[in-house]
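>>> Based on what follows, work out the 3D shape:
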Amino acid sequence: MEIEDVIKVEKMELVRTKDLCSKILFVKENTLNMVMLNFKNNEQKHFMRKKALELIDKLGVELYWFSSTAWFLTQEKDGKNLYKRPSRDVNRKECFMVIEFRKDRKNKIYFAEIKRGLQNDVVFIEDEEKNNSLNKQNNLQSYWDAWADEQEMDFENKKMINENDEKFIKNTIAGLMRKHSEEIDNAKTSEDFTKLMLQIGKEAGEKLKEQNKTLLEDPEEFED
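Numbering: from 1, shown residues only. Next comes the predicted model:
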């Protein structure tokens, strides 16, 4: 069984049911096995991951597939916005993915954006360039990867978020300084300058408030 077979089967299931339960699939003794990953909150998600990956290890599986739908953003790392979990951003998009995890680390991924019709029917938007780019990454890892370094993934994710948010803050301040550059040059006294800095600080605060306008409610603080 190849990743292309899994993609075909899972696509058919998604089109038929208009929904897709996240799952892990693997072949053992010529039999296709599925582990359904039903969870409604973070605690259940972490529990399901632990049990599923324990099973992979116990059975000596060296290759398996993870299939799921998910939310994603196209601009989350560009520093033009504060980082938000895709599931909580009003600009989020839906995607379908299948990842092939291998013990030899030669992982593969298939990604397609999903568009929903009036009857919630599914249309796949293929992106060959994006798939080629993703598969060229040497460090393709995932929360569902049994052989990934979990601490390293957590470190890299936090680093990405911090770098993005720092860039957003720097861009915002630089933009406001340019906006008020003439006023700054013409400030006659320290009092004038302080008053202007307070105004810039107020405008920066408004920029931060604008970011919250694109944040969706999430009472359970569910992670992507």
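
>>> elements contacting the helix or strand containing residue 200?
With secondary structure defined by DSSP states H and E, residue 200 is part of helix 190-212. Contact partners of helix 190-212 among helices and strands, from 3 or more C-beta pairs under 8 Å, 6 or more residues apart in numbering; DSSP states H and E: helix 150-179, helix 181-186. Heads up, the C-betas are built off the backbone N, CA and C, glycines and all.

>>> what angle separates the longest one from helix 190-212?
Orientation check (axes from the mean of the first three to the mean of the last three C-alpha atoms, to 10 degrees): helix 150-179 against helix 190-212 gives 130 degrees.

>>> on that earlier part again, distance from the chain centre to the helix holding residue 200, please.
Here helix 190-212 shows a centroid-to-chain-centroid distance of 31 Å under the convention C-alpha atoms, centre = their mean, to the nearest Å.

>>> and what of stretch 44-59?
How far stretch 44-59 lies from its chain's middle: 21 Å, per C-alpha atoms, centre = their mean.

>>> now do stretch 101-115
The answer for stretch 101-115 is 14 Å, by C-alpha atoms, centre = their mean.

>>> can you check stretch 153-161 too?
The chain centre lies 12 Å from the centre of stretch 153-161; the measure is C-alpha atoms, centre = their mean.

>>> buried stuff in it?
For stretch 153-161, burial by neighbour count (16 or more other C-beta atoms under 10 Å) applies to residue 161.

>>> quick one, which of the helices and strands packed on helix 190-212 is nearest to residue 6?
helix 150-179 (23.1 Å; C-beta to C-beta).

>>> and that closest one, how far from the chain's centre?
16 Å.

>>> pLDDT averaged over it - what is it?
For helix 150-179, mean pLDDT rounds to 86.

>>> any idea which of the helices and strands packed on helix 190-212 is most buried?
helix 150-179 (a mean of 13; mean count of other C-beta atoms under 10 Å).

>>> Report the contact partners of residue 158.
Counting by C-beta atoms under 8 Å, 6 or more residues apart in numbering, residue 158 touches no other residue.

>>> Please determine how far it is located from residue 87.
From residue 158 over to residue 87 the distance is 18 Å, taken as C-beta to C-beta, to the nearest Å.

>>> Tell me what residue 99 is bridged to.
residue 66, residue 109 (DSSP bridges).

>>> What number of residues are in the vicinity of it?
Under the neighbour criterion other C-beta atoms under 10 Å, residue 99 is assigned a count of 23.

>>> swap in residue 7?
19.

>>> That one looks like it's in a helix, true?
Yes. Residue 7: assigned to a helix according to DSSP: H, G, I helix; E, B strand; the rest coil.

>>> Hmm, it is touching residue 98, no?
Yes. Counting by C-beta atoms under 8 Å, residue 98 is a contact partner of residue 7 at 5.1 Å.

>>> doesn't residue 112 fall inside a strand?
Yes. Counting by three-state DSSP, residue 112 is found in a strand.

>>> which residues does it contact?
Counting by C-beta under 8 Å, 6+ apart, residue 112 touches 95, 96, 97, 124, 125, 126, 127.
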